[in-house]
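In: just coords:
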C-alpha cells in the first residue's frame, strides 16, 4: 500500500471512534493456494483436552492461562489446515452481481455518512433502495438458474438414472457427521469423557513409542552411535541449525538413487 492516510470518524455511540484508512495503490500478492481446515479433527482435539485445560486454569493466573490457551488453539488450527492448489478462484456469484454489490456498498456508505452529517439526500436514498432491490432479484434469478441446471443434469442421465439422481442429490442434502460420544475397545463400551481420553492416550502412546534397537544388527548399532555423536556435536556447537522437512529428505534420497535401480 502507498500514500496512506487515516482519519477518525465521529460516528456511532461507542466510546471508541472508528478510524478510516485510505490509500491510493494496493498491491496483492496472489497465488493459487487455498486453506482447507479439518474442523472435525479440530473439534475432537478440543473435546479430548478440555479437562486438561480446566485443570491448568487452577494452577496459573487467568492472564497466563489465556495466553497459553490461545497459542494452543492457533497451533491446533495450523496443524489441521492443509493448503491445496487451485487453478482459479471461483466465487459463488457471477462477476456482474459482485460488482453491483460493491456499488451498493459504496452508495450505502455515502448515504449514511451524509445522514450522520445532517444532510438528507433523497436521490441517494432512492438509488440505494433501487440497487438493493435489483441485486436481490438478480441473486434469486441466478439461484433459480443454477437449480434448473442441476435438475437438467439429472434428467439427461439416462444410464443408471437412480444412481445419478442420488449422486447429485447428496451434494445438497449431505448430512453433517456428528462427533463420537462412545468408544469400544473390543470388550466393553466407554462412554465417559475421562475414560475415552485415557483410552486414546494409552493407545496412541503405545503406537508411537520408540522401538527397541536390535543390537545384533551392525547397521543399527552404527546408526545409533552416529546419532549420539551428532547430538553431542550439536550440544557444544554455537551455530544455528536450520529447520528441514521430510520433503527435503525425499529430494535428497532421490538424488542418491542410482539411475539403473528398479
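Out: Noted; the coordinates are in hand. Everything numeric here is computed off the predicted structure, so don't read it as measured data.
In: Please make it C-alpha for all contacts and neighbour counts, starting now.
Out: Noted.
In: for the record, mean pLDDT for stretch 139-147?
Out: Confidence over stretch 139-147 (mean pLDDT, whole number) is 89.
In: Name the surrounding residues that touch it.
Out: Under the contact criterion Cα atoms under 8 Å, 6 or more residues apart in numbering, stretch 139-147 has outside partners 93, 97.
In: Would you mind listing the buried residues in the host helix or strand of residue 247?
Out: If you go by DSSP states H and E, residue 247 is part of helix 246-256. Applying a neighbour-count criterion of 16 or more other Cα atoms under 10 Å, helix 246-256 contains no buried positions.
In: pLDDT averaged over it - what is it?
Out: Model confidence over helix 246-256 averages 82 on the pLDDT scale.
In: Show me how far it is from its chain's centre.
Out: How far helix 246-256 lies from its chain's middle: 29 Å, per Cα atoms, centre = their mean, to the nearest Å.
In: elements contacting that helix?
Out: Here helix 246-256 is seen to pack against no other helix or strand when contacts are counted using 3 or more Cα pairs under 8 Å, 6 or more residues apart in numbering; DSSP states H and E.
In: What segments of the protein are strands?
Out: Counting by DSSP state E, the chain has these strands, from start to end: 2-8, 19-25, 33-37, 81-85, 183-184, 189-190.
In: Pull up the pairing partners for the third one, direction included.
Out: In this case it means strand 33-37. The sheet places strand 33-37 alongside strand 81-85 (antiparallel), with pairing taken from DSSP bridges.
In: Next one: the most centrally placed residue in the chain from residue 8, what distance?
Out: For the chain, the residue nearest the mean C-alpha position is residue 37 (3.5 Å; Cα atoms, centre = their mean). Spatial separation of residue 37 from residue 8 under the definition Cα to Cα, to the nearest Å is 37 Å.
In: now residue 204
Out: Between residue 204 and residue 8 the distance is 55 Å, computed by Cα to Cα.
In: residue ranges with poor pLDDT in this structure?
Out: Residues of the chain that meet the criterion pLDDT under 70 lie in 1-3, 11-15, 24-32, 86-91, 154-180, 257-262.
In: which residue ranges form the helices in it?
Out: With DSSP state H as the criterion, the chain has helices at 39-48, 50-59, 62-79, 95-116, 122-155, 161-169, 193-207, 218-236, 246-256.
In: Out of those, which is closest to residue 16?
Out: Of all the helices of the chain, the one in closest proximity to residue 16, counting by Cα to Cα, is helix 95-116 (16.7 Å).
In: tell me what the closest one is packed against?
Out: Secondary-structure packing of helix 95-116 (3+ Cα pairs under 8 Å, 6+ apart): helix 122-155.
In: what sits against the residue nearest to the centre of the chain?
Out: When contacts are counted by Cα under 8 Å, 6+ apart, residue 37 touches 77, 80, 81, 82.
In: Tabulate the residues you listed (TSV), appending neighbour count and distance to residue 46.
Out: Converted to TSV, the contacts of residue 37 look like this (neighbours: other Cα atoms under 10 Å; distance: Cα to Cα, whole Å):
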residue	neighbour count	distance to residue 46
77	15	11
80	15	12
81	16	15
82	14	19
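In: could you dump the residues you listed to a markdown table with distance to residue 140?
Out: Conversion of those to a markdown table gives the following (distance: Cα to Cα, whole Å):
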| residue | distance to residue 140 |
| --- | --- |
| 77 | 35 |
| 80 | 36 |
| 81 | 34 |
| 82 | 34 |
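In: Next, give me the two most distant ones among the residues you listed.
Out: Between any two of those, the greatest separation by Cα to Cα is 9.8 Å, found for 77 and 82.
In: gap between stretch 69-84 and the chain center?
Out: Distance, stretch centre to chain centre, for stretch 69-84: 8 Å (Cα atoms, centre = their mean).
In: Touching it from outside, list them.
Out: Taking contacts as Cα under 8 Å, 6+ apart, the residues outside stretch 69-84 that touch it are 33, 34, 35, 36, 37, 38, 39, 41, 42, 53.
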